[in-house]
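J.: With the sequence up front, the predicted model follows.
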Amino acid sequence: MMGDVAEILVPSAEIQEKVREMGERITRDYAGERLLLVGVLRGAVVVMGDLMRNIDLPCEIDFMDISSYGSGTSSSGVVRILKDLEEDISGRHVLVVEDIIDTGLTLSYLLRSLRARKPASLEICALLSKPSRRRVELDVKYLGFEVPDEFVVGYGLDYAGAYRNLPDICVLKEEIFAGS
Ligand SMILES: O=P(O)(O)OC[C@H]1O[C@H](OP(=O)(O)OP(=O)(O)O)[C@H](O)[C@@H]1O
Ligand code: HPA
Ligand SMILES: [Mg+2]
């Protein structure tokens with residue numbers, strides 16, 4: 001797989017350090033509360049797994065599957081709920097966990113849906129943000145790294161379903177996208 005990688009943008013060790021810092025901040029900010037982490041399938045599963053183990057509080061997890069990208073590299077702008085939460089979030093402190101915020105369309109749709117369910121609080125934790133691509137402004141309380149306008153893979157992020165299990169955040173070689 002590393003043979004398909006043109007460049008490592010964020011190496012695994014830096015990701016781990018950042019996730020640890022975010023976990024510590026979350027631990028401080030939510031002290032005394034019962035936190036519900038909501039991961040957005042499928043990209044967020046890797047950061048969710050690492051982040052939750054760096055939060056030293058009683059916390060629960062739930063997942064939503066929202067899809068807008070299909071198998072390409074650009075947003076269609078069409079967002080659908082493929083799987084909803086199992087939990088009733090009214091009165092709960094909810095922290096949405098994402099791998100990347102690109103246009104912001106996925107999260108803005110998701111937040112609208114979650115806000116309507118009257119949580120006690122609703123915040124965002126995203127490992128990556130691509131600010132140059134943003135079409136909807138979002139308030140991100142916990143952000144890992146800003147990345148340039150390049151399609152990135154690894155640490156949960158895929159290209160056509162693959163590369164999610166790379167430990168680093170990477171840019172693929174041009175030839176991988178050829179013909180797609
Ligand atoms: O800010 P946006 O432009 O909406 O893009 C960000 C979203 O796109 C990707 O998910 P995708 O819909 O590709 O599904 P996946 O998580 O299953 O890979 C990524 O994981 C974010 O959820
Ligand atoms: O750069 C990206 N990589 C993978 N999935 C994505 N979804 C939005 N942006 C990206
Ligand atoms: Mg996603």
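T.: Good, I have the coordinates. Ligands and ions are numbered 1, 2, ... in the order given.

J.: In this structure, what residue comes closest to ligand 3?
T.: For the chain, the residue closest to ligand 3 is residue 43, as judged by C-beta to the ion, at 3.4 Å. Using the backbone N, CA and C atoms, a C-beta is placed for each residue, glycine as well.

J.: show me what contacts that residue?
T.: In this structure, residue 43 makes contact with 98-100, 156-158, 164, judged by C-beta atoms under 8 Å, 6 or more residues apart in numbering.

J.: Check residue 8 too.
T.: Shown in contact with residue 8 (C-beta under 8 Å, 6+ apart): 168-170.

J.: Swap in 10 Å and give it another go.
T.: Applying C-beta atoms under 10 Å, 6 or more residues apart in numbering to residue 8 gives the contacts 2, 14, 154, 166-171.

J.: Parallel or antiparallel, which strands does the lowest-mean-pLDDT helix or strand in the chain pair with?
T.: The weakest-scoring helix or strand in the chain, judged by mean pLDDT, DSSP states H and E, is strand 80-83 (a mean of 90). When pairing is defined by DSSP bridges, strand 80-83 lines up against strand 59-67 (antiparallel).
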